[in-house]
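Enquirer: just a sequence and a predicted model for now, questions to come.
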Amino acid sequence: MGICFIASVMVCGWIAVAPAFAQSPSPTKDAAAIPRMPDGHPDFSGVWERPPVLDMSKSAPGQQGAADLAMTDWAKTHFGEKYDSQGHCLPGGYVRDMNSPFPIEIVQRPDRVVILYEFNNIFHHIFLDGRPHPADLDLTWNGHSIGRWEGDTLVVDTIGFNDRTMLDTSGHPHTTDLHVVERFTRTDAAHIAYEITITDPMAYAKTWSNKRTFTLQPTWNLMQYNCNENNRDLLEGHIK
């Protein structure tokens, strides 16, 4: 793990190796086994293995894709044509980083959740202290996330993206109007049911979702990830 991007395929000049994923289990709701914070909310802390999502429209082991993304003419024109930031060792963007096969570590506090990514060794804050999105929000690679609780489900609302990234490796584009809503539900001691919903009216005629299951790996630690600069295979067009 930690050499570049995505399981068992050649992308952006690298061959990446990730563990083979069997079909993810269908977790059984077991509230008594779910770890909890002192305030009673589920505790998502830990290192989590995730299925690789190369194409958010496809279903594969561990994920349920969105069969009809209803791409607009704009999206169809720009599908697969957007600058591949990851190929140049730049951030992949929030959605694509969540699609990567490399593990994440979740660190939970009462006022925030912090996601640590093995991929690119980056981090992201989800604020749980009741703050709204800033009115003068700067557009960034990963956007601005605020969370709220719906029972035992953490609902994360993220806006404020730049338009320099793709949603997945297959090349689904987005605009700066991208609005992402995620739902994290800890279904038992070892699994999170994860759903991500995409709204971007210029790129997609309707809202669509992708679902998958995260699996706790209590003996794992995040590894150092190195992105190689001056990748001539990419820069000279040997691979795309």
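Expert: Structure's in. What do you need?
Enquirer: what's the local residue count around the nearest residue to Leu222 once chain neighbours are set aside?
Expert: Computed as C-beta to C-beta, 6 or more residues apart in numbering, the closest residue to Leu222 that is not its neighbour in sequence is Glu118, at 4.4 Å. For every residue, glycine as well, the C-beta is placed using N, CA and C. Around Glu118 there are 21 other residues, counting by other C-beta atoms under 10 Å.
Enquirer: and Glu118, how far from Trp48?
Expert: 11 Å (C-beta to C-beta, to the nearest Å).
Enquirer: so what sits against both of these two?
Expert: 103-105 (C-beta atoms under 8 Å, 6 or more residues apart in numbering).
Enquirer: top of those by neighbour count?
Expert: Pro103 (24 neighbours).
Enquirer: and the residue nearest in space to the middle of the chain, which of the three is it?
Expert: Nearest to the geometric centre of the chain sits Met98, at 1.3 Å (C-alpha atoms, centre = their mean). Secondary structure assignment for Met98 (DSSP: H, G, I helix; E, B strand; the rest coil): helix.
Enquirer: show me the contacts for Val53.
Expert: Going by C-beta under 8 Å, 6+ apart, the list of residues near Val53 reads 60, 63, 65, 98-99, 168, 210, 212.
Enquirer: nearest spatial neighbour of the residue nearest to the centre of the chain, skipping sequence neighbours?
Expert: Nearest non-adjacent residue to Met98 (C-beta to C-beta, 6+ apart): Ile196, at 6.6 Å.
Enquirer: and the helix or strand that neighbour falls within, which residues are buried?
Expert: Using DSSP states H and E, Ile196 sits in strand 191-199. Across strand 191-199, burial judged by 16 or more other C-beta atoms under 10 Å covers 191-196, 198.
Enquirer: elements contacting that strand?
Expert: In this structure, strand 191-199 packs against helix 94-99, strand 179-188, strand 208-216, with contacts taken as 3 or more C-beta pairs under 8 Å, 6 or more residues apart in numbering; DSSP states H and E.
Enquirer: quick one: the second one to strand 191-199, angle?
Expert: In this structure, strand 179-188 runs at an angle of 170 degrees to strand 191-199, with axes from the mean of the first three to the mean of the last three C-alpha atoms, to 10 degrees as the basis.
Enquirer: mean confidence for stretch 126-142?
Expert: Here stretch 126-142 scores 96 as its mean pLDDT.
Enquirer: what residues sit buried inside it?
Expert: For stretch 126-142, burial by neighbour count (16+ other C-beta under 10 Å) applies to 126-128, 141-142.
Enquirer: start and end of it, how far apart?
Expert: Across its full length, stretch 126-142 reaches 11 Å between end residues, using C-alpha to C-alpha, to the nearest Å.
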